[in-house]
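[1] coords please:
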Amino acid sequence: MKELQEINGIPVKIETSDAKYKFIAYLNNKFLVKEQSDITGNDYKILCKIERKIASGEAYELFDIKELERKTTNQAERRRKDNALPKEFKETVVGPAAVVLPIAIYR
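    Numbering: from 1, shown residues only. Now for the predicted structure:
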């Protein structure tokens, strides 16, 4: 199945707005999936799902520091104070903003 998708592309069932006609189109995944480094410039649109709105003036921590420390260090390392996480993990966003789940990036 994977080999067929690589050769033909990803099958997509498309139906006309009046539901009179249905057809299958094959989308080549080489054109759909790109590396992050290929996405440069500002001529892109992102389709996102809004998971949470952050009100004006409300602070939102990007990462749960305690959970990160628990997952990345053992108990002895957590007791030492010199094992600090980088400042990027301690960033806070102040609203108005939104927490989104990116679904697709279009050019």
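[2] which SS class is the residue with the largest distance to the centre of the chain?
    Most distant residue from the mean C-alpha position of the chain: residue 20, 35.8 Å away (CA atoms, centre = their mean). Put simply, residue 20 is coil when judged by DSSP: H, G, I helix; E, B strand; the rest coil.
[3] and it, backbone torsions?
    For residue 20, the backbone dihedrals (degrees, to the nearest 10) come out as phi -80, psi -40.
[4] from residue 12, how far out is it?
    18 Å (CB to CB, to the nearest Å). All C-beta spots, glycine's among them, are computed from the backbone N, C-alpha and C.
[5] ditto for residue 96
    36 Å.
[6] ok, residue 35 next?
    Residue 35 is 23 Å from residue 12, by CB to CB.
[7] quick check on the two: which one has the bigger neighbour count.
    More crowded of residue 35 and residue 12, by other CB atoms under 10 Å: residue 12, with 10 against 6.
[8] looking at this protein, which helix or strand is least sure?
    The weakest-scoring helix or strand in the chain, judged by mean pLDDT, DSSP states H and E, is helix 75-79 (a mean of 63).
[9] what helices or strands is whatever helix or strand comes next after it leaning on?
    Following helix 75-79 in sequence order, the next helix or strand is strand 92-94 (DSSP states H and E). In terms of contacts (3 or more CB pairs under 8 Å, 6 or more residues apart in numbering; DSSP states H and E), strand 92-94 is packed against strand 59-61.
[10] contacts made by the strand it packs on with the rest, please.
    54, 90-95, 97, 99 (CB atoms under 8 Å, 6 or more residues apart in numbering).
[11] where does the protein have low pLDDT?
    Per-residue confidence for the chain (pLDDT under 70) gives these ranges: 1-6, 29-33, 69, 72-85.
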